[in-house]
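Participant: Quick one: sequence plus predicted model below, questions after.
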Amino acid sequence: MKTTALTHVHEGLGAKMVEFAGYKMPVLYSGINEEHETVRTKLGVFDVSHMGEFILKGPGALDLIQRVTSNDASKLFDGKVQYSCLPNENGGIVDDLLVYRLTADSYMLVVNASNIEKDWNWISARNTDGVEMHNISDKTSLLAVQGPLAAKALQPLTGIDLASMEYYTFAKGEFAGCPNILVSATGYTGAGGFEIYFENQYAEKIWKAVMEAGHPYGVKPAGLGCRDTLRLEMGFCLYGNDIDDTTSPLEAGLGWITKFSKEFTNSANLKMQKEAGLSRKLVGFEMIDRGIPRHDYPVLDANGAVVGKVTSGTQSPSLGKAIGMAYVPSAMAAENSEIFISVRDKSLKAKVVKLPFYKQ
Amino acid sequence: MNFPADLKYTKDHEWVRIEGDIATVGITDFAQSELGDIVYVDVNTVGDTVEKEAVFGTVEAVKTVSDLFMPVSGEILELNDGLESTPETVNKDPYGGGWMIKIRLSNPADIDGLLSADAYKALVGA
């Protein structure tokens, strides 16, 4: 099992460690609900160093990114981040990712830990113009400092003006006395905050500095358990659950990052799918009957026929109700449509709701 | 971690308090700690007679769901209604307010198959 530069720190804090995407990762420290609440109301620190980072460099870098990703990376400027996905040739998704424009000729792609090798091979195979590619995943650490108090708490550590950073932008500068740190106003929680990328050698120093700077604001270390409940409350897709090699970005509600103003892998077929209309859609739902939906539970119609499946589900800590996402036929995807979730052979009533579940 | 000596235990991480022919059942301190924040206890077998080791309900934590197994055979007399609104009591007070069901024993000899506190402690390495 792989470790991050901070695994021993998590173990020292008494975190419950689990294997995730081949890495030994903290799933919780004090408890999922408590960490969740801390991130929503104060700030929490996640070690998400398992995520993968690739650098693409050279005059053909943008062209390569344009061909393999669905969003329009030509809209990026230096210091701008974009959410995107890598469509495959069969209508599905290789991975979802973030694209950082470092300069006009160099980009950083941030990919899911479980897909690092798959994505690397996928992009390499399409790199026909000799774009320089570096997989810096193993030497790069990533801390997500998330929550409404993150900017205030972290400001003493850096000269970058954190409060003025727009969502989905980044800056490089000194951070906690370490040089050339990439600070990104992004995250996977909907709580606001920053993601900080740096070389492993700085990991302990930055972790310590962030925990100390956050102390007066009630900072807590936060594990992957609450990362999942936080992202689900926002309706953010998780690769392997809500999207995968078989789900169309359009069905998954990712039409907003699927830009037909350019050509990319499978764009012609996706365009046809859009024009013909989608047969199924990923929707958010909340339970009406008592029960908690889980990944892979069947979705039923009023007659008990299986019409789809749950992709993610949980008891929402912020809302105090059971929520989930599921693929359902388009005819049942409208807000307030009644659907049924099969929970241990009981058919429990639920209704389709608008995403995000959690609104500030 | 706390394992009261006056209770009996199962390998499925339940505790049993025997009073006459009535057994009160919950999950152990170890079980609640492993599960994490408990958000729902689902028991729909009240009034049923259920065999030892059969599933009588489920306990849902934020991330996981686990079956609950009958420690002894008997009729399920009562469910702890308080858990409907405050399932987190199972985390806070697993041997008290967090009790789950009461069973009328149909075979008192089942008690002999339960573990002592020391045997359970050894099982979970506590």
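Facilitator: Yep, it's here.
Participant: who are the neighbours in contact with A:Lys57?
Facilitator: A:105-107, A:131-134 (C-beta atoms under 8 Å, 6 or more residues apart in numbering or on different chains). C-beta here means a position set from N, CA and C on the backbone, and glycine is covered the same way.
Participant: I'd like to know which of the residues you listed are buried.
Facilitator: A:106-107, A:131, A:133 (16 or more other C-beta atoms under 10 Å in any protein chain shown).
Participant: Looking at those residues, which is nearest A:Phe54?
Facilitator: A:Met133 (6.2 Å; C-beta to C-beta).
Participant: Give me the nearest residue to the closest one, chain neighbours excluded.
Facilitator: Leaving aside its sequence neighbours, A:Met133 sits nearest to A:Leu56 (C-beta to C-beta, 6 or more residues apart in numbering or on different chains; 5.7 Å).
Participant: Could you look up the SS state of that neighbour?
Facilitator: strand (DSSP: H, G, I helix; E, B strand; the rest coil).
Participant: Can you name the residues bridging to it?
Facilitator: With DSSP bridges as the criterion, A:Leu56 is bridged to A:Tyr107, A:Met133.
Participant: how about it, what does it touch?
Facilitator: A:64-65, A:106-109, A:123, A:131-133.
Participant: Mind picking the two most distant members of those residues?
Facilitator: Farthest apart among the contacts of A:Leu56 - using C-beta to C-beta - are A:Ser106 and A:Ile123, which lie 14.7 Å from each other.
Participant: What is the nearest of the contacts of A:Lys57 to A:Lys309?
Facilitator: A:Tyr107 (35.3 Å).
Participant: thought the closest one was touching A:Gly60?
Facilitator: No: at 11.2 Å, A:Tyr107 and A:Gly60 do not qualify as touching, with contact defined as C-beta atoms under 8 Å.
Participant: How many neighbouring residues does whatever residue of the stretch 151-300 of chain A ends up closest to chain B have?
Facilitator: The stretch 151-300 of chain A approaches chain B most closely through A:Ile292 (5.0 Å), counting by C-beta to the nearest C-beta. By the measure other C-beta atoms under 10 Å in any protein chain shown, the count of residues near A:Ile292 is 25.
Participant: and if you look at A:Met17?
Facilitator: A:Met17: 18 neighbours (other C-beta under 10 Å).
Participant: how about it, secondary structure?
Facilitator: Under three-state DSSP, A:Met17 comes out as strand.
Participant: And the pLDDT for it?
Facilitator: A:Met17 carries a pLDDT value of 96.
Participant: Output the set of residues of chain B in proximity to chain A.
Facilitator: With C-beta under 8 Å from any C-beta of the partner chain as the criterion, chain B meets chain A at residues B:36-37, B:39-40, B:42, B:44, B:58, B:60, B:62-63, B:65.
Participant: Just flag the most distant two among the residues you listed.
Facilitator: B:Gly36 and B:Asn44 (23.5 Å).
Participant: so what's the residue nearest the centre of chain B bridging to?
Facilitator: Closest residue to the average C-alpha location of chain B: B:Gly26 at 2.5 Å, with C-alpha atoms, centre = their mean. Applying DSSP bridges to B:Gly26 gives these bridge partners: B:Trp15.
Participant: B:Val59 too?
Facilitator: Here B:Val59, judged by DSSP bridges, has bridge partners B:Val41, B:Ser66.
Participant: What are the buried residues along the strand or helix carrying A:Phe198?
Facilitator: Using DSSP states H and E, A:Phe198 sits in strand A:193-199. Across strand A:193-199, burial judged by 16+ other C-beta under 10 Å covers A:193-198.
Participant: between the residues you listed, which is closest to A:Leu142?
Facilitator: Of all the buried residues of strand A:193-199, A:Leu142 sits closest to A:Tyr197, with 5.4 Å by C-beta to C-beta.
Participant: I'd say that closest one and A:Met51 touch.
Facilitator: No: assessed by C-beta under 8 Å, A:Tyr197 is found out of contact with A:Met51, at 9.1 Å.
Participant: Find residues that contact each of those two.
Facilitator: Joint contacts of A:Tyr197 and A:Met51 (C-beta under 8 Å, 6+ apart) are A:Leu142.
Participant: what's in contact with the helix or strand A:Glu233 falls within?
Facilitator: Assigned by DSSP H and E, A:Glu233 belongs to helix A:224-234. Here helix A:224-234 makes contact (C-beta under 8 Å, 6+ apart) with A:18, A:20, A:25-28, A:32-33, A:35-36, A:39-40, A:44, A:46, A:48, A:144, A:146, A:188-191, A:238, A:312-314, A:316-319, A:323-325, A:355-358, B:36, B:62-63.
Participant: What is the nearest of the buried ones among the contacts of A:Lys57 to A:Glu338?
Facilitator: For the buried ones among the contacts of A:Lys57, the nearest to A:Glu338 is A:Tyr107 (45.0 Å; C-beta to C-beta).
Participant: of all of chain B, which residue lies closest to chain A?
Facilitator: Closest residue of chain B to chain A, C-beta to the nearest C-beta: B:Val39 (3.9 Å).
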